[in-house]
Every structure is written in structure tokens, then in C-alpha cells.
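Enquirer: need a structure here:
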Amino acid sequence: MRPVHKGSAIPSDTVSDIPAAQGSDARPSPEHRKSIIMVVIRLARGGAKKRPFYRIVVADVRSPRDGRYIEQVGTYNPRVEENSVNVKLDRVDHWLSKGAKATDTTASLIRRVRKALPAVEA
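Expert: Next up, the predicted model:
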């Protein structure tokens, strides 16, 4: 009887004969995988209990809601009568051009700020 590879029913002398998984040589290197980041523009909550205050941040999609972020591009205070929203539109446009995706709420806040800007007459 042939020796069995530890942890499997495949004989050990045939383990080396098994071809690698398809496309395994096409995988990106670990350094390349670290450089690919899905970026999202979203709200990060701050403030006390029942008194929310939000920062509009650009963050890696894998980071927690209130965790690490790449850049803060604005603020949103829903407790104020006029719903104070401050956004650095030039930085938002920069990140959107780089492929960042804005969440639904953040996109609506950005639209509101753009709409409130005085129309530039050409």
C-alpha cells in the first residue's frame, strides 16, 4: 500500500503530480494586492448619545464606520435647523475622479451642497 499524504486520501507520491489550480500563476503579488484599495466616501459618526454629528470622510471600504479614514472632506450636523453641511467639493471631485464611490446619503448631501452653490454665470 502506498503512503497517504497527511490530511488527505491522496497517496503522497502523487501529490506533486497534481497540477496547480487554474490561473494560480496569474495572481497578483501580495504587494500589488495591498495597493488596490476600494475607496468610499461615507459618513463617520461622532457626537454624544442621541446627539449625532458626522464627518464626511474618504475611507477604505474595509475600515469600520467610525474607524481609520484617508481624508476628511466635510462635516454634517443634522441637529441644526438648517442641517449644516460643509463639503470640500474640490477634494470630493478629486476622489470621485479616482474611482471612489459615494454612499447614497453622502451623495445626496453632496448634491444638496452643489445645488445651494450660486450658479456661475458664463
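Enquirer: contacts for the helix or strand in which K115 is found next, please.
Expert: In this assignment (DSSP states H and E), K115 forms part of helix 104-116. Where contact means CB atoms under 8 Å, 6 or more residues apart in numbering, the residues beyond helix 104-116 that reach it are 41-43, 56, 74, 76, 85, 87, 89, 92, 102. Yep, even glycine has a C-beta here, placed from its N, CA and C like the rest.
Enquirer: put the alpha carbons of it into CSV.
Expert: Listed next in CSV are the C-alpha coordinates belonging to helix 104-116 (Å, rounded to 0.1, in the frame of the first residue of the first chain):
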residue,chain,number,x,y,z
ASP,A,104,-26.4,57.1,-1.0
THR,A,105,-26.7,59.5,1.9
THR,A,106,-23.3,61.1,1.2
ALA,A,107,-24.2,61.5,-2.5
SER,A,108,-27.5,63.3,-1.5
LEU,A,109,-25.6,65.6,0.8
ILE,A,110,-23.1,66.5,-2.0
ARG,A,111,-25.9,67.1,-4.4
ARG,A,112,-27.6,69.4,-1.8
VAL,A,113,-24.3,71.4,-1.4
ARG,A,114,-23.8,71.7,-5.2
LYS,A,115,-27.4,72.9,-5.6
ALA,A,116,-27.0,75.5,-2.9
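Enquirer: tell me which residues of that helix are tucked away?
Expert: 106, 109-110, 113 (16 or more other CB atoms under 10 Å).
Enquirer: now do the same contact list for R79.
Expert: R79 sits in contact with 51-53, where contact means CB under 8 Å, 6+ apart.
Enquirer: just give me the least confident of the contacts of helix 104-116.
Expert: On pLDDT alone, V85 ranks lowest of the contacts of helix 104-116, at 91.
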